[in-house]
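K.L.:
Could you look at this predicted model? Sequence included:
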Amino acid sequence: MSTSPSVPAPPRHIAIIMDGNGRWAASKGLPRIAGHERGAESVRTVTRECAALGVQFLTVYAFSTENWKRPKTEVDALMGLLEHFLHQELPTLMANNIRLRAIGRIHELPPGCRQTLADAIAKTAANTATTLVLALNYSARAEIVDAARSLCTEAAAARLDPATIDDSLFASHLYTRDLPDPDLLIRTSGEMRLSNFLLWQLSYTEIIVTQKPWPDFGPDDLHAAITEFHTRERRFGAL
Ligand code: FPP
């Protein structure tokens with residue numbers, strides 16, 4: 001681990017839009033999947049560093065609902081990479097007391113992937129240090145639609161009075177119902193957009209966009225982002 005004593009106390013929850021795998025590969029004349037493979041290495045390194053720093057929650061955008069529109073070869077490779085990552089990383093997750101979670105429409109993932117994921121989630125369920133949350137087949141609009149549907153079902157069955165729906169009740173129907181909102185969002189590779197990621201939860205999150213593509217993002221970049229986060233004044237809408 002490259003934990004530096006000069007890194008200030010970490011944010012409780014860091015979310016990451018891991019962008020730029022394809023551009024990283026193209027810049028080296030490699031196929032896109034080589035960028036994703038190198039990106040999976042960055043997930044490993046950054047997760048371990050978050051655990052070493054004491055970050056309680058790390059949420060990474062690994063596959064969006066829109067990513068199904070990519071060529072089948074790339075989608076299949078991403079699903080294979082995810083399974084491989086889960087198998088390979090499980091001992092490290094256990095050794096570092098890291099709990100695995102997933103958010104998204106997980107039931108629509110391929111069966112093999114679902115099974116490996118369920119197994120890793122079950123085996124790490126009692127771990128108490130960092131929680132690594134994989135956003136898989138995730139879209140914030142789908143999450144909000146799913147929450148609205150669930151509330152409507154409750155109301156239609158007369159188990160819920162619509163007048164009682166407030167921020168907190170709504171949030172309790174999101175996939176992230178038991179997670180705190182992210183304090184810091186990091187997006188790699190320079191694009192200035194949210195790409196349908198955690199739209200509800202990022203309302204008061206500090207955003208840092210780095211130019212580096214995700215495969216090149218490492219512990220030093222994480223430390224730099226945390227240091228910049230500490231220069232921000234968070235007022236949550238107050239004066
Ligand atoms: C965005 O880069 C990245 C993705 C769509 C997938 C992210 C996946 C990984 C980092 C690897 C697998 C994940 C795990 C958890 C093992 P892009 O392909 O859109 O890059 P580009 O914008 O440069 O084309």
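P.N.:
Thanks, I have it.
K.L.:
Only C-alpha atoms from now on, for both contacts and neighbour counts.
P.N.:
Noted.
K.L.:
how about the residues of this protein that lie near the ligand?
P.N.:
18-23, 36, 39-40, 62-63, 78, 81-82, 85 (CA under 6 Å from any ligand atom).
K.L.:
Now which of the residues you listed would you call buried?
P.N.:
18-23, 36, 39-40, 62-63, 78, 81-82, 85 (16 or more other CA atoms under 10 Å).
K.L.:
just these now: which is nearest residue 233?
P.N.:
Using CA to CA, residue 18 comes nearest to residue 233 of those, at 25.0 Å.
K.L.:
taking the buried ones among the residues of the chain next to the ligand as a set, which two sit the farthest apart in space?
P.N.:
Taking CA to CA, no two of these sit farther apart than 23 and 85, at 21.5 Å.
K.L.:
Endpoints of stretch 52-69, how far apart?
P.N.:
End-to-end distance of stretch 52-69 (CA to CA, to the nearest Å): 36 Å.
K.L.:
Tell me which residue lies nearest the centroid of the chain.
P.N.:
Among the residues of the chain, the one closest to the centroid is residue 60, at 2.1 Å (CA atoms, centre = their mean).
K.L.:
quick one, phi psi at that residue?
P.N.:
Main-chain torsions, residue 60, degrees, to the nearest 10: phi -120, psi 140.
K.L.:
so it makes contact with residue 15?
P.N.:
Yes. In this structure residue 60 lies within contact range of residue 15 using CA atoms under 8 Å: 5.8 Å.
K.L.:
if I pick residue 177, what's in contact with it?
P.N.:
Listed by CA atoms under 8 Å, 6 or more residues apart in numbering, the contact partners of residue 177 are residue 171.
K.L.:
Helix, strand, or coil at it?
P.N.:
Here residue 177 takes the coil state, with states given by DSSP: H, G, I helix; E, B strand; the rest coil.
K.L.:
For it, give me the pLDDT.
P.N.:
Note on residue 177: pLDDT of 98.
K.L.:
Distance-wise, check it relative to the ligand.
P.N.:
21 Å (CA to the nearest ligand atom, to the nearest Å).
K.L.:
Residue 128 too?
P.N.:
Residue 128 is 20 Å from the ligand, by CA to the nearest ligand atom.
K.L.:
How about residue 72?
P.N.:
13 Å.
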